[in-house]
Structure formats: structure tokens, C-alpha cells
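Okay, predicted coordinates and the sequence, questions at the end:
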Amino acid sequence: MNGFPILSWITFLPIIGMIAVLIMPNKMEKGIKLITLVITGLQVILAIILLSNFNYSAGGIYEASSFQFIEKFRWIEISGLSWLGTFKVDYFLGVDGISMPMLLLTALVSFIATISSWKINKSVKGFFALFLLLDTGMMGVFVALDFLLFYIFWELMLLPMYFLIGIWGGPRKEYAAIKFFIYTLFGSVFMLLVMIGLYFSTTEVIADGSRVFTFNLLAMMDPTNYTTNGILSPLNPNNYRFIAYIALFAGFAIKIPMFPFHTWLPDAHVEAPTPISVILAGVLIKMGTYGILRISYPIFPQITLDLAYYIGLFGVINIIYGGLVALAQKDFKKMIAYSSVSHMGYVLLGMASMSTIGINGAIFQMFNHGTITAMLFLIVGVVYDRAHTREINAFGGLANKMPMYTGFVTIAFFAAIGLPSLSGFVSEALVFVGAFSSETTRILTMFGTLGILIGAAYMLWTLQRIFFGEFNKKWDDVLTDIDFREYAMLVPLAIIVIFLGIYPSAMLDILNTSVNTLVGFLHSSAATITKMSM
Amino acid sequence: MLDTNIINISLVILLLPLFGFITVVFFGKRFSKLYLLEVAIIVAAFILSLYVGYTKLTTYLHQDLNFSFTWIDFGNVFGKGSMHIDLGIKLDNITVIMLFVVTLISMLVHIFSMAYMEGDKRFSRYYSYLGIFTFSMLGIVLTDNLLMMYIFWELVGLSSYLLIGFWYEKKSASDAGKKAFLTNRVGDIGMFIGILILFTNYKSFSFDYIFNQISNGVLPFGSEAWLTAAGILVFMGAVGKSAQFPLHIWLPDAMEGPTPVSALIHAATMVAAGVYLGLRIFVMLTADAMLVIAVIGAFTSFFAASIALTQNDIKKVLAYSTVSQLGYMVLSIGVGAYTFAFFHLVTHAFFKACLFLGSGSVIHSMHHEQDMRQMGGLKKKMPITYASFVISSLAISGIPLTSGFLSKDGILAGSLAFGHLTGHWLIPALGFLVALMTAFYMFRLVLMTFHGEPRNKEKYDHAKESPFVMVMPLIVLSLLSLFFWYTPNPVSPEAGWFAGSWVKTPHTVVPETSRFNFMKSDIMTEQDQTSEHNESGSIVEPEEEVVHSEMYMHAMHWAHYPAMILSLVLATLGILLAFVMYQWKKISPDKVTNTFNKLRLYNGSLNKWYVDEIYNSTFIGGTMVLSRFLSWFDKYIVDGIVNGTAAFTRVFSTISGYFDTYIVDGLVNGTAFFSGSIGLALRKLQTGKVQTYIVLVLFSVIILFYLIGPF
């Protein structure tokens, strides 16, 4: 990768695509779709190139030198500002074991979502332009190592998402879109405040030897970089850091979505078109947990360790509450949406363990949930496209009518249930193993295991109601088995789900070094901070 | 030198059915004869199992063979040292015997199904499911660690789910599949937590490593109570899988599946996996854990037998009988009779598979009639089925010269010895009572089905003996229900190779203080024995030694003949009673029914003691109510707050809009208006005449001086 800015390419490739789409005449719908497919396909190829050049033994997390594919240069620099001195922002991209799986997931899910978008026929140009913009935003979040840059990408996704739900969505699309937009923006405000607070508390040495304030995330992780009287400095006697942690966490928690901030998700999903649901559940909600791991954990290590129990508690609430609410749903898509709430709870629980195995499990679960839930939403899309209803009880006996479809549904459902030999099992098991090994979260873990029962209950009940029993003749003409396009989406995902279930090391080896570094860093940095503030 | 040959062959045996599954799943639709591949594969697996079993039990009788590899490597984990998750297989004596049992019965069921399932529209799908089941079951048998046990445990759960719900057009079938999966998951949660306790403490899932650590005095969280808890929790998995009370409810419903499946999965092999798990963890069970297990087993065997007495569906009787017999095995683990728990597992697998396939043969010829009240007199029409059925019924009743007599007697002797040594007499008492009940309900079934006059003439006339592929498995299985395969002496199992040399009670590893008094072994003798073998150069696993203290051995010997005689008397009584009621009609069953019903006992038994109804109205109903409440809570409270906040913000912004328009802007406009009016008023002063201005200036200066001046 000598000198080739591969991360910039993978991030901004969709922007090029977007420009191309915008230039094209409205009538060339096929062409627009093809361009998007090529762009996202190229992204997948770039992601594979990244993976094949990835150094499995580099830790990353806090150490700039062990990040990979780094691109760093001065983006904005204004010097000579009175008391501020120099204002500078770096364009700083890099990848470590935590971002690599997310990057792969984003590339994969975007590609699948493009295929899924093939049936969009309302203002195609606008849809795909926004779709590509969204893609850039997502990819950017996972590669940015500068807080301001991270924030920009974070906000960049918001706008296209708003329109994609608000224009191409279902009957209550305006309500869902605005709810999503405001809710997330509300979280972003907190993030913005904390970011500014951190900026004015952290300095970094620049070329001329002087120290200037910085947005560099890695600089913020080093306790020695804090100014003595900075508002979020550990040396500051007021406990602003705690408040900042909570505020930042709330910003991320909305995205996860963590109970009680989760209610935007079912609405957004129910109204969003299938490809957008796939993106939303597959990638977008992972940003919350990713943000916590990338930013909250290493920058506020001692508070993180102190609050481990509560993170785990919310995780378990998500698991059980989300599962029980899913059980009561009558809308297929809403049921899947609540199952996402439940499954993201495992991620939180694993993260709360503060142990290598637990966090490995959490990130692996993020990836697996991304692929499994993408399958689930595609599956909902298949029947919705044909029958135009998502009412679970309206169906029945589809197994005989659509055998191949039923096969994929079975794989996806059982993966979501955590059946061994499918990827969901490994990540859930690691989450439980990790969380149980930590004394803080041990009791919580026992409650959390109830999730595997509740999960099985709502999934199998749904499976029974839709696929077993007598076939409803009403659907005889419309319900046909899946076509080539649907195979093209479901087959790769199913292969990944099975492959990672049997050979999880393929993913865990990518994560492991970084996760181990993170856990070690959490403890050592927390100790440093405690020593400093004494 | 270790022979890795049979390890490799075992791996082949494990993977063959998986290969069959994959092939048939993908190509079964295109090639309708592909199921023959499955049959061929299972025959091959059976022959290889024979070879593995023979080699192990001759060449490596006292030596276990292992193979393991690292599945996930976490490297050097912060604060915990090196961590990795291994998978592997282990061949010991019970493994290879199970390999034989599973592949044999699976093979017979494959063959039987060729006729039984003929014409089913999902015929090849059926065979692929049998393949995935066999693969998963062999995984359970071969594993050397808890994680892999759990993995395959869930996979047999899946295949069981798929096969119970095989005719998913019927709601009852898909309900039963779902119920089986979920009930099992309840047990699995306990098992999983137990595994978590062990892994957290030992950083390993390996049975041998964990047991080694325990015997070295390393206890979970440093306490014996946790060891007890871990044992009971892991055993909860067995409570689910082996359908023990209170999780027994799924197994009778599982009879919705095709009858050969009931024979293979829900009688002979998968349900016995729970017992197999119990045997695997036997050495780490503390006295308290064993007592809990013994009580569960004893109660279940009695409870299920009490239901089997009154059922009219031929498969339901057999299902409850399976639950009851599994209860025996569990009881046997609890009282420390390891050898006989496994022995009964094996003998039961054969005679119960025979009974189920026999009932399948009957059902097949009666055109899917399962109600015994519609049968009768079939022995003339189906002599081979009848003969094999009677032999198996004698075996399950524990009549001499059968295998069941040997294994059941061992269990009852063990429980009697246990009662004698611990004072828990209720356990043997229930055990003997069940022996009576079993003999009665089994012969009630035999007499109602095969003897007497046909009750449904039309179906009877159509009935005929099943084809060769169906009766051949019956013949094989009924032959295996005779004693001489296990021991040359029909009254002494220990004189034979099975209980005498193949399957020995392993050495418990729990601390002395957590054992029953009578199980405190003489450590000295153990060490002597081990060192002796080491000197002679042969490798002998100390685990394989007989370790029951003299006390338990004596008690067992003391109990052997009383138990045998008592159980024989009870079994004969049970059979006689059945003949009196159903063959000679000396006592009318209706009269008995009415007598018992004065205490509502008959209806209670017929309705399975209302356990399903109780669960439906408590756990299931409760969960559904909670789930609906939370859904409401989510929609109106949690989201209500969100929408409320939004609405509040809107109202607030409307108000501030008004405020802005009328107050703030009003002020601005008001100010403008005010200054305008002032201006208008003051304009009058602007006369343009210089004199007026001078006068005004002077006047102002005077006022200023007056205000701020020194005077």
C-alpha cells in the first residue's frame, strides 16, 4: 500500500459515484443502478485488498504507529489567533482490528443493499445519489481518527438517511424520518459539546515544537496531553469528565439504540424501504457501539471501568426487554427491528465485561448481527414485495410454496437464535463467557442468558406462523419462490454466516490483538489518570 | 505407542453423515434415489464403528485416545495469561459402545424408513434430516469437552425440531417441534451457566482437564457449594434433553414426528444424550448434586409411569415409558451406579427402538391409526412384529433372560444399596414401584394391540405384516434385547464383559468432604494400583479403576439378590394384572377406572396430571402477558415520552412564537411607536429659529449646572 491512499479511496469512491449519478440523465435508470453497483463492488474489492494487507499483530487503539494504512495530513491550519494560537485540524485516517471488521461489514452490506435497491423506481437518481453519500458517511466514521472528521462523517450520514426514509419510505415515512433525524441530532449535540470540551483540554506537539489544541483522538487518549486547567482534563478538580462521559455515551446510546432511547428504530425500520433497513440495521446502529469502543473507552478509561456494571445492566435490559417486546409484535418487520434491540444488548454486555474475550465477542457480534439482520430484513422484503403486507398472521404454509426462501429463512432465524455452527452462536457465547468471567457483570450474565430462550421463542413462533401450517390460498398467485436477484443477496450472506460459525477465527484473529491492546490500555491508562488526579 | 488410526476413523464416522446431509440437501430434489447414498453412508459408518469398537475394547481397553485442536486462539490475554478454546474428540469405552449403538440404530431406522416413509412428498428431505441428526448425535458421543458437547447438543435439538415438525402442515406437529426446542432451551440455559462457571475457573472446556484440576483441589470460586451448583446446572441440560421432570412435557408431544424418528431420536439415542452427559460429568458430582439427581430421576420415573398406565395412544404409552426409563437411568447416576446407568442406556436403546419400530409397523399396517382402542387381535396378522414386540416388552419389564432384566436389576440393586447406606429409602421404593407399573402398562399395550378380538374390523382386515425392510430391524433389535450379548450368566451382569470389564465406575474427583460417606475411597489403594501399573510399563488411566469403597460394593452385593427377586415378583405381578384385566377380563378396566376416579386419579393420569395446563397458564401465559404489557409500555410510555417531548417542544415553540410576535416584537414595535410619538411631539420644538435654540441651550446649561455643579 505504498503511498496509495486506499482508505480515502474506499471512503470517497461513493462520492465519485454520486457525482456520476447526478450528471446522468434521469431516464438512464439502469445506468444509475449499474454505476452504484460497480462503485459498491469496487468498495468490496478494496476492502478485500485491505484485509489481505492487514497486519494481524498490530494493536492500534491508542498508538498511532500501530495503526495501518494511515493517511495523515494537515487539513485546516489557521495560525496567529490571539489566545488560541494555532487552530488546526488533521485529515487523519487509519485502521486497526476494531475498525477493520466494521469496514468489511460496511462494504459488504452496502453492496448487498445496492442489489436490494434494484426495484426502486421512484426518482431513481435521487435515491442512488443519496445512497452513495450515505455510504461515504458510514465508511468515513469507521476510518476517521480525528474527532472532528469523525463528527463530520457522523453527521454526513444523517441527511441522506433522512431523505431516504422520508421520500422512499412507507405510509408514515415523514414521522419516522423526522423522528430519526431529530433523535440522532439530539445525540450529536452532546457529542459536539464533548468534542469541543476535549479539544480545549488536549494539546499536541506540532512541527514547530509548540503545543496546540487538537482534535486528534489518539492524542486525547494520552493523559499526559491534557492541559492543567482544561475543562475535561483529569487534573481539573471539578468532575466534568464524568458528565462529559455520560453525555457522549448518551449520544452513542441513541444510535445503538439502547433502552430507553430505542423507539426511533422500530419506526424507522417499519417505514424505511428494504435496502435502507438493511443499511440501518446492518451498519448504522453499529456506529453507536463502535463509537463507544473507539472514543469513550480509551479517552475516559477510569470512568468506563467504574461504570462497567451499568453498561452491562443496560445491555441485559436491551436483551430481555427487546426480546419480550419482539415476542408481542404482529408486524414481521417490527419484530425483526425489536430483535435488533435485543441483539445489540449482547454487544453492550460483552463490552461491559472489560475482558478480551467479552469485547472480542461484542465486536464479533456487531459483525454477525450486521450480516444476520441484513438477511432478516431482506427476507421481510421478499414477502413484502410480493404480498404488500407484513402482518405475520396473514401468512402461513409458505414452506411448501417457497421452499428455497424457507431454507434461507431457516438459516437466518437459527443464526439469530444462536444455533451453533452459525456465526451468531460464537459471538453470543464469547459475550457470555467474557461477561461471566468479570465479577462485575457475572450476575447480569445469568439474567442475560434468558435472552437465548426468549430469542428462540419469538423466532420459532414467527417461523411457525408464517411458514408452517396450511397455505393461505389468497397468496397463491403472488407468492413465488425467490428469484436470481434475491439469491444474489442471500447466498453471500448465508455463506458468511455459516463460514464464520464454523471457522470464527477468520474474524476473531483480526480483532484479537486490538481488543487485547484496548483492554490492557483501559487498565493502564485508568491507573495513570488516577495517579495524576491524586 | 498410540494408534491414531481409530481416532481418524472416528472422525470419518462423524463426518460421513454430514457429507450425506449436504449432498442430499443440495441434490435430493434432482435425484430421487439419493437417499440410498444416505443409507450406504450409515451402513459404512456402522461397519467402521464396529471396527473402532473392536479395536478399542481389545487393544486399548484401559487406555483412552484423544485428539484435539485449537479452534479459537486468543493468545496472551491481558490479565489472564494464555487463552484458547479447543475442540476435540476422545475415545473411551463408553464412547465406542455409544458409537456402535447410535450407528446401529440409525442404520436400522434408515432401512426401516425406506418402507415406512415411502411416498412421502419430502422423502429425500427426511433422509437429509436423519443425516444431520446422526452427525450431531455422534458429535455428542465423541466430544472431549463441554463446549463441543453444547454445540452438538443444540444441533441435535435442531434436528429434533425439524423432524418432530416434519409434517408441518399439521399445527400440532409444528407446535410440538417448537415446544421441544424451547423446553430444551430452558435446560440448556442451566447447562450453559454451569459451563460458564467451569470455564471461568479452569479456562478450559476439556472434561479431563477440569476433572484433573478438581482432583488437585482447585474448586470453582474456591468452594464446594459452587462445585455442587456447577454439577447440578450442567445436569439441567440433561433434565431438558432426557425429558426429566419438570421439563418432561416435550417428549410425549414429540410423537407428532414420523414413528421411525421417535424410535431413533426420541427413544433410543438423543434423549439418552442427557444420561450420557450425566455419565460424562459423573466424577465431578458432589453428594448433594447426586442426591438431587437421584430424586429427579426417581420422581420422573414414577410420575411418567403413572401417566403411561392410562394412555390410549400407542405412541404416547411408549413415550411416557421412555421418560420413565430415562428416569431410571438418571436415578442410577444419582445413586452412584454408573455402570448400570450406562448399561440400561444401551439395553433400553435396543428394546425401546424395537418397541417404537414395532409400533410403527403396526401403525403402518393400520393406515396411521394410533389409538389402541381401535386395534386388537393383530398377532395373527403380524406374527414377526408381535414376537419382537413381546420380547422387547419382556425386556423392558425386566424378565430374566432379557437384557433389560440385567440392567434394571443393577439399577434397583444400586438404589437399594443407596437407600440402605444413606437412609433415603424413598428412592428405591419408587424404583420398585415403577418396575410393577412398567410391566403392567407394557402388557396392557401388548394385549390391547395384539390380543383379543379386533375392535375395528375394517382396519383389521386391511392389516398385514410389514415388508422385509421393516421387520428385519425388528428382528435385529429384539435379538439384541436378549442377555447373551452382554454376559454369559443371565442373572449376573457383572460376570459379563459389558459390566464386568468394559464399563467401570470411574474415580470421583470431588473433595472427600463433598462425597457420600460410603464413597470415600481408600486413596492409598488407588495410588498403589497406579504405581504398580506404571512399573509394569503399561499405561493405565487411574480413572478406569474400580473405586467404590468396599462399603458400597458390599451393599450392592447384599442388595443384588433381594433386588432381583423383588423386581421379578413385581414385574410378574404387573404382567399378571394386565392379563387379568385385558386378556381374561376378570376385572373390568372400567370398574378400576371408576374406583380410581373417586380420587380423580384416573382423569389426572389420563390428562398427564395437567402439567401442560399449569405451564400454559403460568409460565407461558405469564410471559405472553408480560410481553404484551411491555409492548404497550414501549409504545405508549417510552415512545410516549419521546413523542411527548416532541409535542411539548412544539407547544413551547408555538408559545414562544406568539411571545416573539406579540411580546418581543411587540416591544420592538412598541419602542418604535413610542419613539415615533415622542419624535412627533418633540418636532414641535424644532422651530428652526436660532433664538429659540439659544434660549433652550442657556436653559439647559443652567439646569445642568444646578444638577452637577458644586453649588
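Looks like it came in fine.

mind listing the strands for chain B?
Counting by DSSP state E, chain B has strands at residues B:65-77, B:81-91.

Please give the centre-to-centre distance between stretch A:519-526 and its chain.
24 Å (Cα atoms, centre = their mean, to the nearest Å).

same deal with stretch A:94-112?
For stretch A:94-112 - counting by Cα atoms, centre = their mean - the centre lies 9 Å from the chain centre.

residues of stretch B:616-633 that come out buried?
Buried positions in stretch B:616-633, judged by neighbour count with 16 or more other Cβ atoms under 10 Å in any protein chain shown: B:623, B:627, B:630-631, B:633. Just so you know, the C-beta spots here come from the backbone N, C-alpha and C atoms, and that holds for glycine as well.

could you give the mean pLDDT of that stretch?
In this model, stretch B:616-633 has an average pLDDT of 89.

got the phi/psi numbers for whichever residue of the stretch 351-500 of chain B sits closest to chain A?
Using Cβ to the nearest Cβ, residue B:368 is the residue of the stretch 351-500 of chain B that sits closest to chain A, at 19.0 Å. The phi/psi pair for residue B:368 (degrees, to the nearest 10) reads phi 60, psi 30.

mind checking pLDDT for it?
For residue B:368, pLDDT reads 82.

related to what we said a few turns ago, which of the strands of chain B sits most buried?
strand B:81-91 (a mean of 18; mean count of other Cβ atoms under 10 Å in any protein chain shown).

chain center to it: distance?
Worked out by Cα atoms, centre = their mean, strand B:81-91 lies 24 Å from the chain centre.

and that strand, what other elements does it pack with?
If contacts are counted by 3 or more Cβ pairs under 8 Å, 6 or more residues apart in numbering or on different chains; DSSP states H and E, strand B:81-91 sits against helix B:5-27, strand B:65-77, helix B:123-142, helix B:146-164.

Take the ones you listed and write them to CSV, including mean pLDDT.
Converted to CSV, these look like this (pLDDT from 0 to 100):
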stretch, mean pLDDT
helix B:5-27, 89
strand B:65-77, 88
helix B:123-142, 91
helix B:146-164, 93
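
can you tell me which of those comes nearest to residue A:268?
Nearest to residue A:268, of all the helices and strands packed on strand B:81-91, is helix B:146-164, at 32.8 Å by Cβ to Cβ.

Restricting to C-alpha, output that closest one in PDB.
The C-alpha trace of helix B:146-164 is given here as PDB (Å, rounded to 0.1, in the frame of the first residue of the first chain):
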ATOM      1  CA  LEU B 146     -18.100 -29.200  27.300                       C
ATOM      2  CA  LEU B 147     -18.300 -26.600  24.600                       C
ATOM      3  CA  MET B 148     -18.400 -29.200  21.800                       C
ATOM      4  CA  MET B 149     -21.000 -31.000  23.900                       C
ATOM      5  CA  TYR B 150     -23.100 -27.900  24.000                       C
ATOM      6  CA  ILE B 151     -22.600 -27.200  20.200                       C
ATOM      7  CA  PHE B 152     -23.800 -30.700  19.200                       C
ATOM      8  CA  TRP B 153     -26.400 -30.600  22.000                       C
ATOM      9  CA  GLU B 154     -28.000 -27.700  20.200                       C
ATOM     10  CA  LEU B 155     -27.600 -29.300  16.800                       C
ATOM     11  CA  VAL B 156     -29.500 -32.500  17.900                       C
ATOM     12  CA  GLY B 157     -32.000 -30.000  19.200                       C
ATOM     13  CA  LEU B 158     -32.300 -28.600  15.700                       C
ATOM     14  CA  SER B 159     -32.700 -31.900  14.000                       C
ATOM     15  CA  SER B 160     -35.200 -33.000  16.600                       C
ATOM     16  CA  TYR B 161     -37.100 -29.700  16.000                       C
ATOM     17  CA  LEU B 162     -37.000 -30.400  12.200                       C
ATOM     18  CA  LEU B 163     -38.100 -34.000  12.500                       C
ATOM     19  CA  ILE B 164     -40.800 -33.500  15.100                       C
END
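
Tell me what angle that helix forms with strand B:81-91.
With axes from the mean of the first three to the mean of the last three Cα atoms, to 10 degrees applied, the angle from helix B:146-164 to strand B:81-91 works out at 50 degrees.

can you give me the strands for chain A?
Under DSSP E, chain A gives strands at A:68-81, A:85-95, A:203-205, A:211-213.

highest average neighbour count across the ones you listed?
The most buried one of these (mean count of other Cβ under 10 Å) is strand A:85-95, showing a mean of 20.

how about residue A:205, what does it touch?
Neighbouring residues of residue A:205 by Cβ atoms under 8 Å, 6 or more residues apart in numbering or on different chains: residue A:211.

need the contact list for the closest residue to residue A:343 other than its chain neighbours.
Spatial nearest neighbour of residue A:343, chain neighbours left out: residue A:369 (4.8 Å); criterion: Cβ to Cβ, 6 or more residues apart in numbering or on different chains. Contacts for residue A:369 (Cβ under 8 Å, 6+ apart) come out as A:281, A:286, A:340, A:343-344, A:347, A:424, A:427.

Specify the beta-bridge partners of the nearest residue in space to residue B:148 that is not next to it in sequence.
In space, and not counting its chain neighbours, residue B:148 is closest to residue B:87: 5.1 Å by Cβ to Cβ, 6+ apart. Beta-bridge partners for residue B:87, by DSSP bridges, are residue B:69.

How about residue B:82?
According to DSSP bridges, beta-bridge pairing links residue B:82 with residue B:76.

From what I see, residue B:151 and residue A:421 are in contact.
Yes: the criterion here is Cβ atoms under 8 Å, and residue B:151 meets it with residue A:421 at 7.0 Å.

Looking at the two, which is more packed in?
Taking other Cβ atoms under 10 Å in any protein chain shown, residue B:151 and residue A:421 do not tie; residue B:151 has more neighbours (22 against 19).
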